[in-house]
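Asks: Everything below, folded, please.
(one chain, ligands or ions: 1)
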Amino acid sequence: MRYSVTDPKRTAANKQGIGMTSQRTRERLVDTLKSLGVADARVLEVMRSTPRHLFLDEALAHRAYEDKSLPIGHNQTLSRPYTVARMSELLLESCAAKKVLEIGTGSGYQTCILAQLVPKLFSMERIEPLLNRAKQRLALMDIHNVVYQHGDGYEGWPAREPFDGIMVTAAPSQVPKALQWQLAEGGCMIIPVGGNEQYLLKITRSGNHFSKQKVEAANFVPLINGLI
Ligand code: SAH
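Replies: I've put the predicted structure just below:
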């Protein structure tokens, strides 16, 4: 881990004590993640120190440390903590994830977790009001290694390719070809694929070959074309 959200120098939120209010419930969440098989110490530490309640509307904040996906408006959801942790762990163990593209900024929670685990993050979202709110939250938390784009993840981010790692947090029915080709040599993509039945796929690039491995069952909102 490069730095921690709990570093008192770093976050306005923590300076005001906001981030510390739910430390005990976060510890319990980390125990749950461990019992579900999440093992990467860097990921567990970042999950422990990141205040998930700041990524939800106040009315839902009390549920922030349940291992549940929760609504963030616009028919979208903040992913379940297990999913966020597992995808982060898969990305870190599958490639040297120095420059990473995330598709589906949503609330910014997964962005916040990833930004603490990789040096440089590019994050794309198709719904502009969600993107703007996420940007504000991450700025409040003093996270500055993320570049944002209001854009369609099906196209990826051609101007910034190649990426060592790509993480997609909404499910297409098939892997978008454009995204695949934006992987660097040896790079990896973690992506849910499918409709009613989804699974998490790990894709690794070697030259013009993309090896695909099914990891586990998944349950994401769909990846949708077009901007809002
Ligand atoms: N990772 C987010 C939530 C994921 S929900 C979080 O932690 O809160 C999936 C997100 O992907 C939604 O915000 C949705 O608007 C976005 N999305 C769906 N299709 C997209 C596309 N084609 N390009 C970019 N973002 C997309």
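
Asks: The residue nearest the centre of the chain and residue 47, how far apart?
Replies: In the chain, the residue lying closest to the centroid (C-alpha atoms, centre = their mean) is residue 110, at 2.9 Å. As judged by C-beta to C-beta, to the nearest Å, residue 110 and residue 47 stand 11 Å apart. Just so you know, the C-beta spots here come from the backbone N, C-alpha and C atoms, and that holds for glycine as well.

Asks: How about stretch 207-224 and the ligand, touching?
Replies: Yes: part of stretch 207-224 sits near the ligand under the criterion C-beta under 6 Å from any ligand atom, namely 221, 223, 224.

Asks: To be precise, which single item in those residues has the lowest pLDDT?
Replies: Ranked by pLDDT, those bottom out at residue 221 (94).

Asks: That one contacts residue 170, doesn't it?
Replies: Yes: contact criterion C-beta atoms under 8 Å: residue 221 and residue 170 qualify, at 5.3 Å.

Asks: who's more crowded, these two?
Replies: Higher neighbour count among residue 221 and residue 170: residue 170, with 20 against 17, using other C-beta atoms under 10 Å.

Asks: Surely the more buried one is in contact with residue 110?
Replies: No: with contact defined as C-beta under 8 Å, residue 170 does not reach residue 110; the gap is 11.1 Å.

Asks: Please enumerate the shared neighbours of the two.
Replies: Common contacts of residue 170 and residue 110 (C-beta atoms under 8 Å, 6 or more residues apart in numbering): residue 104.

Asks: What number of residues are in the vicinity of residue 131?
Replies: Residue 131 has 21 neighbours, counted by other C-beta under 10 Å.

Asks: Show me which positions of whichever strand in the chain runs longest end up buried.
Replies: In the chain, with assignment by DSSP state E, the single longest strand is strand 183-194. Within strand 183-194, the residues that count as buried by 16 or more other C-beta atoms under 10 Å are 183, 184, 187, 188, 189, 190, 191, 192, 193, 194.

Asks: Next to the ligand, which bits of this structure? Give me the list.
Replies: 72, 76-79, 103-104, 106-107, 109-110, 124-127, 130, 152-154, 169-170, 221, 223-225.

Asks: the strands in this protein, which residues?
Replies: 70-73, 76-78, 99-103, 120-125, 146-150, 163-168, 183-194, 198-206, 209-218.

Asks: Output the contacting helices and strands for the second one.
Replies: Looking back up the chat, that one is strand 76-78. Where contact means 3 or more C-beta pairs under 8 Å, 6 or more residues apart in numbering; DSSP states H and E, strand 76-78 is packed against strand 70-73.

Asks: related to what we said a few turns ago, put together JSON lines for the strands of the chain, with mean pLDDT and distance to residue 28 on each row.
Replies: Shown next, in JSON lines, are the strands of the chain (pLDDT from 0 to 100; distance: least, C-beta to C-beta, whole Å):
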{"stretch": "strand 70-73", "mean pLDDT": "94", "distance to residue 28": "17"}
{"stretch": "strand 76-78", "mean pLDDT": "94", "distance to residue 28": "18"}
{"stretch": "strand 99-103", "mean pLDDT": "98", "distance to residue 28": "27"}
{"stretch": "strand 120-125", "mean pLDDT": "98", "distance to residue 28": "28"}
{"stretch": "strand 146-150", "mean pLDDT": "98", "distance to residue 28": "28"}
{"stretch": "strand 163-168", "mean pLDDT": "98", "distance to residue 28": "26"}
{"stretch": "strand 183-194", "mean pLDDT": "98", "distance to residue 28": "26"}
{"stretch": "strand 198-206", "mean pLDDT": "98", "distance to residue 28": "25"}
{"stretch": "strand 209-218", "mean pLDDT": "97", "distance to residue 28": "23"}
